[in-house]
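[1] Just need the structure, nothing else, for what follows:
(one chain, ligands or ions: 1)
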Amino acid sequence: MSYILVVDDSPTIRTSVEFTIKEFGFPIKQAENGAEALDTINEFKGKGEDLALVVIDVNMPVMDGISFLKEFKKTDRFTPVLILTTESEGAKIKEGKDAGAAGWMIKPFKPENLKDVVMKLIQ
Ligand SMILES: [Mg+2]
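    Numbering: from 1, shown residues only. Predicted coordinates:
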């Protein structure tokens with residue numbers, strides 16, 4: 001079964017995102033920055049595990065969410081990437097959309113809103 005990857009430098013956020021979307025039944029993996037996310041994706045691609053969705057923060061050390069998105073989209077144009085961030089500046093959102101983000105949600109999130117968006121993206 002394909003998995004969902006949750007990427008945030010805050011363990012608390014990763015845990016709360018995982019808790020919110022676990023009812024969809026997808027295995028969930030976590031990474032704490034964009035670079036670790038790319039490593040995780042490559043590792044599991046090698047094992048034949050498909051990626052259903054990435055939920056990713058913008059502001060993280062090592063590699064931020066927008067840089068991740070630009071890198072990721074070079075090899076995977078179709079798997080949706082949902083940005084989940086405190087960042088609400090229009091220019092940042094446009095940069096994310098231009099880089100191929102499937103959606104942009106502002107933290108703190110309402111669980112119902114996150115579930116709605118995730119449900120649409122994994123269909
Ligand atoms: Mg952050």
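
[2] Only C-alpha atoms from now on, for both contacts and neighbour counts.
    Noted.

[3] element containing residue 84, please.
    strand 81-85 (DSSP states H and E).

[4] immediately after that strand, which helix or strand?
    helix 90-98.

[5] Residues contacting that following helix from elsewhere in the structure, which ones?
    Applying C-alpha atoms under 8 Å, 6 or more residues apart in numbering, the contact partners of helix 90-98 are 66, 69, 83, 87, 103-104.

[6] who wins for neighbours among the residues you listed?
    Among the contacts of helix 90-98, the one with the most neighbours (other C-alpha atoms under 10 Å) is residue 83, at 26 neighbours.

[7] check the contacts of helix 90-98 against the ion, which are close?
    When C-alpha under 5 Å from the ion is taken as the criterion, no member of the contacts of helix 90-98 contacts the ion.

[8] right, and the pair among these with maximum separation?
    The distance between the two most remote of the contacts of helix 90-98 (C-alpha to C-alpha) is 15.4 Å, for 69 and 87.

[9] From start to finish, how long is stretch 76-91 in a straight line?
    End-to-end distance for stretch 76-91: 24 Å, by C-alpha to C-alpha, to the nearest Å.

[10] mean confidence for that stretch?
    For stretch 76-91, mean pLDDT is 96.

[11] Lovely, talk soon.
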